[in-house]
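Visitor: Quick one: sequence plus predicted model below, questions after.
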Amino acid sequence: HVPTAHTPEAAPQLPGHELLYSGKVRGLYAPLDPATGQRDQERLLLVASDRISAYDHVLDTPIPDKGSVLTQMSLWWFDQLADLAPHHVISTDVPEQVAGRAVYVRRLRMLPVECVARAFLTGGGLAEYAATGTVSGVPLPEGLVDGSRLPEPVFTPSTKAPMGEHDQPISFAEVEELVGPRLAARVRDLTVAILQRGNEIAADRGILIADTKVEFGIDPAQLGLGDGADEEIDWASVDPDVVDVVLADEVLTPDSSRFWRASEWAPGRTQTSYDKQVLRDWLTSPASGWDKASDTPPPTLPDDVVELTRARYVEAYETLTGRPFTAGTPA
Ligand code: ATP
Ligand code: MG
């Protein structure tokens, strides 16, 4: 049974909130003070939609409950990782319209780096390795193939590209230039530790997390900044032993990470995606009538593809957390 799909738009109008930013899949809102109409400077509402992307397209067919599953999975992970890093969540008591798929978070100044770590070789990491024998400049043993487990997780940072552009891989030295050597070392170590912990927990449940992207931010008050969101920050002067380096955004979800089923893992070929394989298989089959090499948008998904894909997300949540998924109920 598939619940009725609600609005496919990434960022609905929300009374009492101002939309600040609408990403491909999520929306970011400032709560407004009911008396003055002023923006809350300390909190943001982060809303995950049911939209799904594949082959670099956002599909026009939503996957019911996806935003809720991913939000609740992220909340569960924040708890599992709490001893490694503080997180940004303040409350799950959100407007009814977005219940279950939104969280109030501390409004942070985000470090200008996408913190990626890889535990297995594939995608962009594999392409670099094939060309140079390294990943993000780190030399690796010979003979690794698509899907190989790396001897240990490697930090492979990238730029935070503006909307619509692709993130570009950067070296650790470039991260040091962007945020200074102390913060660079801290976010590298945290990112690797998060992926390592994630895989320790997921392995017991039959899931491999091949790679992941996390984002960190710092409370502006701890940076000695006022309310102006545009103030230039001298990251290199920030001492990570003095301020909190806060884990923000979403964490260890299928949208920020590659999830593989451990039982299907077979290095030497492209691995099956835990969450998106049904969708990809249909999109690339004659049944869809779509050519992914063309620049036409993908077609509307048939109900069975929607239902099977929804089931994958729910299964990933339930398998990982050991909890039943209930739509709309905050974890
Ligand atoms: P993409 O669709 O490629 O992921 P995106 O990362 O720009 O694009 P979203 O992930 O939908 O879009 O948007 C989330 C945005 O919110 C990111 O820019 C992220 O840096 C920002 N963000 C997440 N948590 C916080 C926070 N606590 N304070 C301030 N900004 C945050
Ligand atoms: Mg993002």
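Guide: The structure has been received and is ready for your questions. Residues are numbered from 1 along each chain as shown. Ligands and ions are numbered 1, 2, ... in the order given.
Visitor: does stretch 38-46 come close to ligand 1?
Guide: Yes - remark: stretch 38-46 sits within contact range of ligand 1 at 44, 46, by CB under 6 Å from any ligand atom. In short, each C-beta sits where N, CA and C put it, glycine included.
Visitor: Wait, Q38 touches L32, no?
Guide: Yes - assessed by CB atoms under 8 Å, Q38 is found in contact with L32 at 6.8 Å.
Visitor: Go ahead and flag the most central residue of the chain.
Guide: Per CA atoms, centre = their mean, the C-alpha nearest to the average position across the chain is that of S256, at 2.7 Å.
Visitor: Nearest residue to that one in space, please, no chain neighbours.
Guide: Excluding the flanking residues, the one nearest S256 by CB to CB, 6 or more residues apart in numbering is K213, at 5.0 Å.
Visitor: How is that neighbour assigned, secondary-structure-wise?
Guide: Classification of K213 by DSSP: H, G, I helix; E, B strand; the rest coil places it in strand.
Visitor: cool, the one 3 residues further on as well?
Guide: Following three-state DSSP, F216 is assigned to strand.
Visitor: Tell me the predicted confidence for P3.
Guide: Per-residue pLDDT puts P3 at 35.
Visitor: is any part of stretch 96-110 close to ligand 1?
Guide: Yes - judged by CB under 6 Å from any ligand atom, stretch 96-110 and ligand 1 are in contact via 105-108, 110.
Visitor: and which of those is nearest to L279?
Guide: Distance to L279, by CB to CB, is smallest for V105 among the residues of stretch 96-110 next to ligand 1, at 28.8 Å.
Visitor: Could you pull up the residues touching that closest one?
Guide: Going by CB atoms under 8 Å, 6 or more residues apart in numbering, V105 touches 43-46, 88-90, 248.
Visitor: interface residues of the protein facing ligand 1?
Guide: Contacts of the chain with ligand 1, taken as CB under 6 Å from any ligand atom, map to 23-26, 28, 44, 46, 88, 105-108, 110, 163, 215, 217, 248-249.
Visitor: Buried ones only from the residues you listed, please, as a PyMOL command.
Guide: To isolate the buried members of those in PyMOL, using 16 or more other CB atoms under 10 Å:
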select buried, resi 25+26+28+44+46+88+105+106+107+108+110+215+217+248+249
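Visitor: what's near enough to touch P297?
Guide: By CB under 8 Å, 6+ apart, the neighbours of P297 are 57, 60.
Visitor: separation between it and ligand 1?
Guide: Noted for P297: a distance of 17 Å to ligand 1, by CB to the nearest ligand atom, to the nearest Å.
Visitor: How about I201?
Guide: 22 Å.
Visitor: Where do the helices of the stretch 151-300 of the chain begin and end?
Guide: 172-203, 277-283 (DSSP state H, counting those that start in this stretch).
Visitor: just to revisit the earlier point, inside strands: which ones of the residues of stretch 96-110 next to ligand 1?
Guide: Counting by DSSP state E, the part of these found in strands is 105-106, 110.
Visitor: quick one: which of the residues of stretch 96-110 next to ligand 1 is nearest to E18?
Guide: R107 (12.8 Å).
Visitor: How about the contacts made by the closest one?
Guide: R107 touches 30, 40-44, 220, counting by CB under 8 Å, 6+ apart.
Visitor: Can you check what pLDDT the model gives it?
Guide: 97.
Visitor: And the one 4 residues further on, by the same measure?
Guide: On the pLDDT scale, L111 is placed at 97.
Visitor: that older thread, can you put the helices of the stretch 151-300 of the chain in TSV and add mean neighbour count?
Guide: What follows is those, written out as TSV (neighbours: other CB atoms under 10 Å):
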stretch	mean neighbour count
helix 172-203	19
helix 277-283	19
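Visitor: In JSON lines: those, plus distance to Q13.
Guide: Formatted as JSON lines, the helices of the stretch 151-300 of the chain follow (distance: least, CB to CB, whole Å):
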{"stretch": "helix 172-203", "distance to Q13": "34"}
{"stretch": "helix 277-283", "distance to Q13": "28"}
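Visitor: So for V305, which of those sits nearest?
Guide: Taking CB to CB, helix 277-283 is the member of the helices of the stretch 151-300 of the chain nearest to V305, at 4.8 Å.
Visitor: tell me what the helix or strand following the closest one is packed against?
Guide: Next helix or strand after helix 277-283 toward the C-terminus (DSSP states H and E): helix 303-321. The contact analysis (3 or more CB pairs under 8 Å, 6 or more residues apart in numbering; DSSP states H and E) places helix 303-321 against helix 66-80, strand 207-218, helix 277-283.
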